[in-house]
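In: Following is a predicted model, sequence given first.
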Protein chains: 2
Amino acid sequence: MESRPRMTKQRQVILEELRMMRSHPTADELYERVRGRLPRISLGTVYRNLEKLAGSGMIRKLDYPGSQMRFDGDLHGHQHIRCISCGRIEDIDGAPEPTRCDRELLAGSGYRLVERRVEYVGICPECDAMEKGNQKS
Amino acid sequence: MESRPRMTKQRQVILEELRMMRSHPTADELYERVRGRLPRISLGTVYRNLEKLAGSGMIRKLDYPGSQMRFDGDLHGHQHIRCISCGRIEDIDGAPEPTRCDRELLAGSGYRLVERRVEYVGICPECDAMEKGNQKS
DNA sequence: TTAATAATAGTAACGATTACCAATATTAAT
DNA sequence: ATTAATATTGGTAATCGTTACTATTATTAA
Ligand SMILES: [Mn+2]
Ligand SMILES: [Mn+2]
Ligand SMILES: [Zn+2]
Ligand SMILES: [Zn+2]
């Protein structure tokens, strides 16, 4: 009835490569990377394994609105900021997400609060410089 | 060079219907609704107009991770909570989004903070009751 | 009216993700 | 090592929300 996961070469390499990267790659970015070591791997396998690994808590899946999913091999508690210009996601080390008057705010809704996500959106230094360069007005 | 928007029957009806609805419909939900008044309208027209209306600030576009876009005809400043079970989005009237130690947190990143989104995720009363009913264990 | 051109309906294309399936690799037991 | 059970794979097709295309129509200002 139950099914034990098997540590395949593909799963191993995907996990290793993701942990090596400091960035937060999309599935196909990671796919390209992994192909360096396993040229015959398929994109579907990458998706499948990322899903499994995220499900078992070995990696983090980051899904932000309006962009494809990204993955994080760093389980250390940290926040992220996303660049609205290029989509890059950077780590923010620091205090865990704060909580406050949320209870009061939600009191009337009848909802059972499961998660409170704080999403930071900004412009990364590179894009900022670029925008300042191409100023039209 | 410049282009002035035209108030077509379709745009008018889409805006009216969205403003009437208290829910936060997806494009195709709104499409079904609008077809009651304009049977020959196409889904593409609904998408196109929602985009235009959102761009000009006449409606709000809500894009949450992992689900299709939703739209809000209510411009009054308010927050939302989304049910992770059924996807429904409900209004939360109350204080505007708080801000605090964010500056400090972001100081080291070099990013220019554009927006700080607080997303509430929970279980709506209906889904909560349903889950309590279908308990397996 | 007229002319200029947004906007439309219908449909095809897109891109990220998932589903399918016969072949293969991993695991645990022999 | 051999085996048997089955999780996983590679390759590909399908899905689904959304966007792009295009000939035709409707809106606007003159
Ligand atoms: Mn990270
Ligand atoms: Mn709302
Ligand atoms: Zn950037
Ligand atoms: Zn619900």
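Out: Sure, I can see it. Ligands and ions are numbered 1, 2, ... in the order given.
In: List the contacts of residue A:60.
Out: When contacts are counted by C-beta atoms under 8 Å, 6 or more residues apart in numbering or on different chains, residue A:60 is found next to A:54, A:71-75. For every residue, glycine as well, the C-beta is placed using N, CA and C.
In: is chain B contacted by the helix or strand containing residue A:81?
Out: For residue A:81, the element it lies in under DSSP states H and E is strand A:79-83. Yes - Strand A:79-83 reaches chain B (C-beta under 8 Å from any C-beta of the partner chain) through A:79, A:81, A:83.
In: Who are the packing partners of that strand?
Out: strand A:89-92, strand A:112-123 (3 or more C-beta pairs under 8 Å, 6 or more residues apart in numbering or on different chains; DSSP states H and E).
In: can you confirm residue A:14 is in a helix?
Out: Yes - Residue A:14 sits within a helix when classified using DSSP: H, G, I helix; E, B strand; the rest coil.
In: Just give me the lowest mean pLDDT stretch among the helices and strands packed on strand A:79-83.
Out: Within the helices and strands packed on strand A:79-83, the stretch with the lowest mean pLDDT is strand A:112-123, showing a mean of 70.
In: mind putting the contacts of residue A:60 in TSV, pLDDT, secondary structure and neighbour count included?
Out: Output for these, formatted as TSV (pLDDT from 0 to 100; DSSP: H, G, I helix; E, B strand; the rest coil; neighbours: other C-beta atoms under 10 Å in any protein chain shown):
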residue	pLDDT	secondary structure	neighbour count
A:54	96	helix	16
A:71	97	strand	24
A:72	97	strand	21
A:73	97	coil	20
A:74	95	coil	14
A:75	93	coil	11
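In: tell me which of those residues is nearest to residue B:67?
Out: Distances from residue B:67 to the contacts of residue A:60, taken as C-beta to C-beta, are shortest for residue A:54 (17.7 Å).
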